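J.: sequence and predicted structure are below.
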Amino acid sequence: MSKSQVHNFQFGRVTRAATIGFDVGCRVNELTAVSFGGLVKAMPKDTHEAVYGLVYNINIDDDSLSRRLIMTEDPPVELINDQRENRLLPVEMNVMAVGYQQNQKIIHGLPPRPPLNLDPVELVHDPAEIKAFSDKLGYLRLILRANSEDVPVEQLLVAHVRDFYRLRGDDVVWATAVMQELIELLRSNYDILIPTLEALSDALPELKTAVAK
Amino acid sequence: MTLEFERLTSQLDAMARTAASRQGDRQSFVDDLLAVMAQYADDWQAIDQALLLAEEKADPKHYRAARPLRQQHPLNVGIDPLPGPPQATLIATDGSQIMPDRHAPYLYYVLNVGGCIYFYGNGRTPIQFTHPELHYPESDAQEADFLQSSSKVSIERDKREITILANTAWDYRHEEAPVLAMLDQRLLYWPIGDSQATPNEDVQTWLRGMLKAKDSGAWLAGYIDRPMTGYVVTLLLALSGLDDLNFNWSDLGKRGVTGGLADAAVYGRLLQPGQRSPVFVNISPPNEQFARFDPGLEVCFFYLNPGSSGQRIARVDIPRWVAEDETAVNHVHALIMDQCRMLGGYPYIITRADEMAVIQYADRESLEMMIDNYMQRYGVYRRLTTKLQTKGLSRSTRRRYG
C-alpha cells in the first residue's frame, strides 16, 4: 500500500475524559490496530477541534464468566472466539493528551476542553498528519511531565519514537532530532535519560550508526 | 428498617441443627434405597412386576415413577461419556421477562428470548441472538386481565423459548453435522393443575415446538440443574414393596413417604464426574398425553454428574425419538459434558443463552424512559403511583454521614 492510501482508522469511542487525557473503549477485534505508544485522535462531533493523545496503557477487562473460563483446560477455539467477538467486554485504553487541533492548526499542549463520552477516536496513520503533528517536538515535554508512577514514561517514549520513525518512512533525521531533544530536556534527569537512550538504541539500532556519523 | 441479624442468630442455629439431623436421616434412607437398587439392578422381571403392581394399586393422582428404557444397563451403573461427534451444532434458548406492574406508569410486559448457536468442533464463532417482544393491553377490558397475569407471562415466555428453539433448529436442518437443541428446563411441560386433564392450548404449543424440533432432525434436550424429582426413588420403593406384605401401595408417590427425597441424592452416590445413569422413561399421566400427541415426544431422561469433581447431579430430559437412538444418547451425553467442562459443571451454551435473555434493572429503566418518550409524542402522560415513588426514595442508596 502506498503512503497516500493510508488513512486514519476509527477504532473506539471515549468512555471518560479529563483535560490531561481520556479513556477509550473498543471491541476486542479492533484491538489489533492499536498499540502502546500509538497516536490517537478524539474527534468531538460538530466541532473544529480534535484532541491528540498517546496510548500509554491498554486494559482488557474481565467479568465473572471470563474469570470462570480461565479454569477451562485447553479452551476450544469456538469458546475463545465467542468471548472475544460476541461478548460485550470492552478493551479500555488510557490516553495521555499531548496536543489538539483547532481551526486546522496543531498545537502541542493540553486541550482547552476534553472530548466528551462516546466521541469517536481514530488511530492516526495518515502520513501527512503524522508529519504535521511531529515535525515540531514540543509534545515531548508533556510526555516527560507525566507521573512516572502511572505512566511508564521511558517505555512510552521508546514505543512512540519507534512507531513514528516507521510511519515517517524510516526518518533518521527526525529520530535523531528526537534523541537530541530528549538529551536536552532530560539533562538533569539521568534516571530517565540513560535508560531511555539505551532502550531507543536497542529498538532502533540503525540510529546508532546515523548518530555516530 | 433493615434486617436485624442479631435477632435471627438463635433461629439460624435451630435451622442448621434441623438440617444436620435431616441430612443424617436422608443418608440412611439413601443407604436403604441403594441396597434395593443393588438387589434389583438388572432384575428386569422384578422391575416390570413392581411397576405393574404400582400402576394397579397406587393413587394415580400422586404416582410418578421411572421405567428403564432398555433392559441393558443395570440401574446402579455409571456410564462414562463416549467420544462425541467430530462436529455438531448446538442451539440453546432461554427467556426472561419484565412482569406487568400495576404501580408503573404504563401497563405492559416484555418477553425476551435469548439464544446462542455454538459450532462444536469447527472453530466457527458462535452466533448470539435475541427476540424481544412488547405486550400491552389494547383495550380497557384487557387491562384487568393484564394485572392478574404474572403466571400467564411465565407460560408465554416458556412457549416462546421452545418455539424459537424449534424454529432455529429448523433453520439448521440441512447442516451435515448433528444439531442439538437445548433448553434449561424440563421437557415434560405441564403448567396445568390437573395432571389428568387433556393438554390445553399452552401445552399443545409446547408439543408443536417439540414436534418441529423432531421434524428438523435435531436432537432435543432439557437440562435441569439440581433436579428435585423422585421418579427413580418411587421405582425403588415399589421394588422394596415386592417382598413386603404390609407395603402401602396406595401411598406410593406421595411426598410424605419419601420425605421429598430426590433421585439426585441416590445418583449423587453412584455417578462419578462425567458419568450418566441409564435412560429412563417418565411414568406419569402428562407423559402419556405427550406420547398420545406423538409417540416420539414421550419424555425420557438420564441423570448426569456434570462436574469435574464432587457429587453434583443434573437431569437431562430427552424425547423418545432421541432416547431410542443409542448413538444419539451417547453423543448428547458427550456434547453436554464438553459444554459443562468449560464452566466446571454447567453447559456454557445455556449460560450464554441466559446472558442474552436476561433483562437487567438498568435495561428496564431505559425501556421505561423510551416508553415515556413515545407516549408523550401522542399526548399520553402518566406517573408512577405514590407508593412506588416513595419506595424508590426509601430504597435508594443510603449514605451515612459522620
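T.: Received the coordinates, thanks.

J.: hang on, B:Pro227 packs against B:Ile313?
T.: Yes. With contact defined as Cβ atoms under 8 Å, B:Pro227 reaches B:Ile313; the gap is 7.1 Å. Where C-beta positions appear, they are placed from N, C-alpha and C, glycine not excepted.

J.: quick one: common contacting residues for these two?
T.: With contacts defined as Cβ atoms under 8 Å, 6 or more residues apart in numbering or on different chains, the residues shared by B:Pro227 and B:Ile313 are B:263-264, B:303.

J.: now render the residues you listed as a markdown table, adding secondary structure.
T.: A markdown table is the format used below for these (DSSP: H, G, I helix; E, B strand; the rest coil):
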| residue | secondary structure |
| --- | --- |
| B:Asp263 | helix |
| B:Ala264 | helix |
| B:Tyr303 | strand |
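
J.: a markdown table for those residues, including pLDDT and distance to chain A?
T.: Listed next are the shared contacts of B:Pro227 and B:Ile313 as a markdown table, based on pLDDT from 0 to 100; distance: Cβ to the nearest Cβ, whole Å:
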| residue | pLDDT | distance to chain A |
| --- | --- | --- |
| B:Asp263 | 96 | 28 |
| B:Ala264 | 96 | 23 |
| B:Tyr303 | 98 | 24 |
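
J.: pull out the buried members of those.
T.: When the shared contacts of B:Pro227 and B:Ile313 are checked for burial by 16 or more other Cβ atoms under 10 Å in any protein chain shown, the buried set is B:263-264, B:303.

J.: hang on, the earlier thing: B:Pro227 and B:Ile313: which is more packed in?
T.: Remark: of B:Pro227 and B:Ile313, B:Ile313 carries more neighbours, 25 against 20, as counted by other Cβ atoms under 10 Å in any protein chain shown.

J.: once you drop chain neighbours, what's closest to that one?
T.: Leaving out its chain neighbours, the residue that sits closest to B:Ile313 by Cβ to Cβ, 6 or more residues apart in numbering or on different chains is B:Ala264, at 3.9 Å.

J.: got it, and B:Pro286?
T.: Leaving aside its chain neighbours, B:Pro286 sits nearest to B:Trp190 (4.2 Å; criterion: Cβ to Cβ, 6+ apart).

J.: let's verify the one you found: helix, strand, or coil?
T.: Applying three-state DSSP: B:Trp190 is coil.

J.: that one contacts B:Asp202, correct?
T.: No. Shown here, B:Trp190 and B:Asp202 do not form a contact pair, counting by Cβ under 8 Å, at 9.4 Å.

J.: for B:Arg320, grab the count of nearby residues.
T.: The tally of other residues near B:Arg320 (other Cβ under 10 Å) stands at 21.

J.: which ones are touching it?
T.: Going by Cβ under 8 Å, 6+ apart, B:Arg320 touches B:281, B:291, B:295-300.

J.: hmm, 10 Å instead?
T.: Applying Cβ atoms under 10 Å, 6 or more residues apart in numbering or on different chains, we find B:Arg320 in contact with B:69, B:214, B:279, B:281, B:287, B:290-291, B:294-300.

J.: may I ask which of the residues you listed has the most neighbours?
T.: In these, the most neighbours by other Cβ under 10 Å go to B:Phe290, 27 neighbours.

J.: tell me the phi and psi of whatever residue of the stretch 201-350 of chain B ends up closest to chain A?
T.: Proximity of the stretch 201-350 of chain B to chain A (Cβ to the nearest Cβ) peaks at B:Met342, 4.9 Å away. Main-chain torsions, B:Met342, degrees, to the nearest 10: phi -60, psi -40.

J.: quick check: closest non-adjacent residue to the residue in chain A that chain B sits nearest to.
T.: Nearest to chain B, among the residues of chain A, is A:Asn81, at 3.9 Å (Cβ to the nearest Cβ). Computed as Cβ to Cβ, 6+ apart, the closest residue to A:Asn81 that is not its neighbour in sequence is B:Thr125, at 3.9 Å.

J.: and for A:Val124?
T.: The shortest distance from A:Val124 to any non-neighbouring residue, by Cβ to Cβ, 6+ apart, is to A:Leu39 (4.4 Å).

J.: what residues are up against the residue nearest to A:Asn81?
T.: If you count contacts by Cβ under 10 Å, 6+ apart, B:Thr125 has them with A:29, A:77-78, A:80-86, B:117-119.

J.: so B:Trp190 and B:Asp202 - more neighbours on which side?
T.: Using other Cβ under 10 Å as the criterion, B:Trp190 and B:Asp202 rank with B:Trp190 on top: 20 against 17.

J.: quick check, that one in contact with B:Glu288.
T.: No. When contacts are counted by Cβ atoms under 10 Å, B:Trp190 is not listed as touching B:Glu288 (11.3 Å).
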